[in-house]
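# could you look at this predicted model? Sequence included:
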Amino acid sequence: DIVLTQSPGALSLSPGERAALFCRASQTVPSTYLTWYQHKPGQAPRLLIYGASTRAAGVPDRFSGSGSGTDFSLTISRLQPEDFAVYYCHQFVTSPRNTFGQGTKLEIK
Amino acid sequence: EVQLSESGGALVQAGGSLRLSCSTSGFDFSGYALSWVRLPPGKGLEWVSTNLVGSTYHADSVRGRFTTPRDSSKNMLYLQMNGLRAEDTAVYYCVKGRDYYDSSGSLAGVAFDYWGQGTLVTVSS
């Protein structure tokens, strides 16, 4: 299985700041198969980014994804109070088998 | 509007069985893969299984114990869990899959585009 390692494990920032989250794969993941999700406690996870860089419908443009090969990132340009959540990267290379990263918890400083 | 709604979560003893149900609406049920993903307490998301309209796939951790049938007449997905273990304790989410295509018709992305609210399964040892 492809292992996705996210860093940092937790990040404390203030509203208005920029957040950079990283995801490293144990082997090459074609961009088509790399996604990012946002998860808030008690809610359903939400698709943010598919194809490594394409925002899902309704996702604000302060969210952007990039990367290729084994290294990917999610950037939130100006944090809003509603952005504090856990973020997961995810791969579908061996679809339908798939794996998630362990998550990055974005906390209010 | 796409909707997924799980039910059936409960407290069960180790070795026991439980069936989760997922009621769906708002999309062509027969045209999409449906999956179960779980969130164990204090851990990250973990794929459990996928029903790809006729074929099913399971994570190594549940293969041989869980099955994932779907009923197209009722637009329902199920997760039959047997031989439950303490490590199966988690919130279980029903998830719809989707392939995205670009303007040239090439595959541009594969994702879980809609998720249910989840149902809690607690296995006591």
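It's in.
# using the three-state scheme, assign whichever residue of chain B sits closest to chain A.
Chain A sits closest to residue B:109 of chain B, with a gap of 3.4 Å, by Cβ to the nearest Cβ. C-betas here are computed from N, CA, C, even on glycine. Using DSSP: H, G, I helix; E, B strand; the rest coil, the secondary structure recorded for residue B:109 is strand.
# is it in a bridge, and if so with what?
Note on residue B:109: beta-bridge partners by DSSP bridges are residue B:100.
# what's near enough to touch it?
A:32, A:33, A:35, A:50, A:51, A:54, B:99, B:100 (Cβ atoms under 8 Å, 6 or more residues apart in numbering or on different chains).
# ditto for residue B:4
B:22, B:23, B:24, B:94, B:95, B:96, B:114, B:115, B:116.
# any idea how far residue A:102 is from it?
Remark: distance between residue B:4 and residue A:102 (Cβ to Cβ, to the nearest Å) = 24 Å.
# again, but for residue B:29
On the measure of Cβ to Cβ, residue B:29 and residue A:102 end up 32 Å apart.
# please say which of the two ends up with more neighbours.
residue B:29 (19 against 16; other Cβ atoms under 10 Å in any protein chain shown).
# give me the phi and psi angles of that one.
phi -50, psi -40 (degrees, to the nearest 10).
# thinking it is in contact with residue B:73, fair?
No - counting by Cβ atoms under 8 Å, residue B:73 is not a contact partner of residue B:29; they are 9.5 Å apart.
# tell me which element the most far-flung residue of chain B relative to its centre falls in.
Largest separation from the mean C-alpha position in chain B: residue B:104, at 31.5 Å (Cα atoms, centre = their mean). Assessed by DSSP states H and E, residue B:104 sits outside every helix and strand.
# how far away is the residue most central in space within chain A from chain B?
The residue lying closest to the centre of chain A (Cα atoms, centre = their mean) is residue A:36, at 3.7 Å. According to Cβ to the nearest Cβ, to the nearest Å, residue A:36 and chain B sit 9 Å apart.
# for residue A:93, give me its contacts.
A:2, A:29, A:30, A:33.
# and the first one, how many residues sit next to it?
The burial metric for residue A:2, expressed as a neighbour count using other Cβ under 10 Å, is 17.
# which residues touch residue A:53?
A:31, A:64, A:65, A:66, A:67 are the contacts of residue A:53 under Cβ under 8 Å, 6+ apart.
# can you pick out the most distant pair from those?
By the measure Cβ to Cβ, A:31 and A:64 form the most distant pair in those, at 13.6 Å.
# so which of the two has more stuff around it?
The neighbour count for residue A:31 versus residue A:64, taken as other Cβ under 10 Å, is higher for residue A:31 (18 against 15).
# does the residue lying closest to that one once chain neighbours are set aside count as helix, strand or coil?
The shortest distance from residue A:31 to any non-neighbouring residue, by Cβ to Cβ, 6 or more residues apart in numbering or on different chains, is to residue A:52 (3.8 Å). When classified by three-state DSSP, residue A:52 comes out as coil.
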